[in-house]
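# Fold the stuff below for me.
(chains A and B)
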There are 2 protein chains.
Amino acid sequence: MAEEVKVFGVWGSPFSRRVEIALKMKGVKYEFIEEDLANKSPLLLKYNPVHKKIPVLLHNGKPICESLVILEYIDETWKGTSIFPQDPYKRAVARFWARFIDDKCLPTLWKTCWSQGEEQEKGKEEACELLKILDNELKDKKFFGGDAIGPVDIVANFIGFWLGIIQEITGVEVLTKEKFPKLCQWIDEFINYSIIKENLPPRDKLKAYFQTRLPNK
Amino acid sequence: MAEEVKVFGVWGSPFSRRVEIALKMKGVKYEFIEEDLANKSPLLLKYNPVHKKIPVLLHNGKPICESLVILEYIDETWKGTSIFPQDPYKRAVARFWARFIDDKCLPTLWKTCWSQGEEQEKGKEEACELLKILDNELKDKKFFGGDAIGPVDIVANFIGFWLGIIQEITGVEVLTKEKFPKLCQWIDEFINYSIIKENLPPRDKLKAYFQTRLPNK
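Just a heads-up that it's a prediction; the model follows:
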């Protein structure tokens, strides 16, 4: 009997792209169901009644919610390329950084890019401190986990791809080559890594989408 | 060679108690190092330079930070009683609820109990919605994971023990038997479960501590 694997997501969301990247790494075939966040489907509300958010992974009728939880589930459920390191300490370190990105970096970066005036200035300072920590963590590694893409890289996809586009559109500069050379080097490696490259949203389409979010000038 | 296992924590913190409970479940001997949060030790700042927070688990010279990350590390490192379920789907569900408690319930409950007036009223409404979700999740189970204590119960320790004391002191009533019968039943089971009972802070001492936090009346 064929396995049922469905992803409820949004084409331009870094969170549902994480899930797709993980499934592709494992070579798992899935059906992608595009959600309209302004008019969420009854299925999305049924499968994620608590947060009512994408992404949701549906596996043989069972829903899994929250992208970090889904990444671990995918890694533990399907064989093939490991996503998380096998060593418990390295796995703990990966979980730590994934949470740091989700809980600290992303909210600050997002808010800063779309804010103005004093709020933006304050946000930039905070964002720089956080990015500095990430930049240092990369040390001389190609990826956060070493030579290959790992969970932290996948979770940092917003920084690797989305952030540059948003900076371009809003004119807010937080992440620059001058300030964060290692992080920018990582971005180059990241977006050119085959499995990532093939699973990023179309740049022009994403740019056009974010342009509609700009306040009238 | 003897293993080095140290916990940097605070006696009255539900977060460091989580780590202690997990170590006790595994039968791991450890040294507890009491931190003064008003004057953090150089070792704490060295081992958790990003968040500068307790708890930190030090295992043979390697620091692990963030209580949920530590719980998984303990479970994966030491044999004995499993803390997380073995089945990947059940494990995903446990991770989901642990995060729900940490990200949603705890900040709202804490803020509500220590706020006043309109802020408190708004907080109470939010807190009730969140507790309702938890109450429903318990269904007819003794513990969140079933018949035995699991990671969600450990993470919910604030609700199981701390919340009642804080409610008593501040007079703010959020969690009541009338509104949340299953959750209150769970609290009874939780605080009387031997490994939990033996690892809770002294009630009177905790009460006295929280009393010092009350605004002057």
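# contacts, neighbours, all on C-alpha from now
Will do.
# Okay, A:Val7 and B:Gln86: tell me how far apart.
A:Val7 is 24 Å from B:Gln86, where distance means CA to CA, to the nearest Å.
# Going by how many neighbours each has, rank those two and give me the top one.
Taking other CA atoms under 10 Å in any protein chain shown, A:Val7 and B:Gln86 do not tie; A:Val7 has more neighbours (24 against 9).
# Tell me what that one is bridged to.
A:Phe32, A:Leu57 (DSSP bridges).
# Contact partners for it?
By CA atoms under 8 Å, 6 or more residues apart in numbering or on different chains, the contact list for A:Val7 reads A:16, A:19-20, A:30-33, A:55-58.
# So for A:Lys182, what's the nearest residue that isn't a sequence neighbour?
Among residues not flanking A:Lys182 along the chain, A:Asp135 sits closest, at 5.7 Å (CA to CA, 6 or more residues apart in numbering or on different chains).
# Checking my notes, the one you found in a helix, right?
Yes: A:Asp135 forms part of a helix when assessed by DSSP: H, G, I helix; E, B strand; the rest coil.
# Is there a neighbour count for A:Lys142? I'd like the number.
Other residues lying near A:Lys142 total 19 when counted by other CA under 10 Å.
# Low-confidence stretches in chain A?
Applying pLDDT under 70 to chain A flags the ranges A:1, A:216-217.
# Only whichever of the contacts of A:Val7 are buried, select them in ChimeraX.
Of the contacts of A:Val7, the buried ones go into a single ChimeraX selection, burial set by 16 or more other CA atoms under 10 Å in any protein chain shown:
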select /A:16,19,20,30,32,55,56,57,58
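# Out of the contacts of A:Val7, flag the one nearest to A:Lys177.
Nearest to A:Lys177 out of those is A:Ser16 (CA to CA; 27.6 Å).
# For chain B, see how far away A:Cys113 is.
Per CA to the nearest CA, to the nearest Å, A:Cys113 is found 23 Å from chain B.
# tally of neighbours for the closest residue to that residue other than its chain neighbours?
In this structure, A:Cys113 finds its nearest non-sequential neighbour in A:Val172, 5.7 Å apart by CA to CA, 6+ apart. Applying other CA under 10 Å, we find 18 residues neighbouring A:Val172.
# Can you pull the residues of chain A lying near chain B?
Residues of chain A found near chain B (CA under 8 Å from any CA of the partner chain) are A:50, A:64-66, A:69-70, A:72-73, A:76-77, A:88-89, A:92-93, A:95-96, A:133.
# Buried among the residues you listed? Make that a ChimeraX selection.
The following ChimeraX line selects those of the residues of chain A next to chain B that are buried, judged by 16+ other CA under 10 Å:
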select /A:64,65,66,69,70,72,73,76,88,89,92,93,95,96
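# Tell me which of the residues of chain A next to chain B fall in helices.
Under the assignment DSSP state H, those contribute A:69-70, A:72-73, A:76-77, A:88-89, A:92-93, A:95-96, A:133 to helices.
# and A:Ile70, how far is that from A:Phe32?
From A:Ile70 to A:Phe32 the distance is 15 Å (CA to CA).
# A:Phe144 too?
With CA to CA as the criterion, A:Phe144 and A:Phe32 are 28 Å apart.
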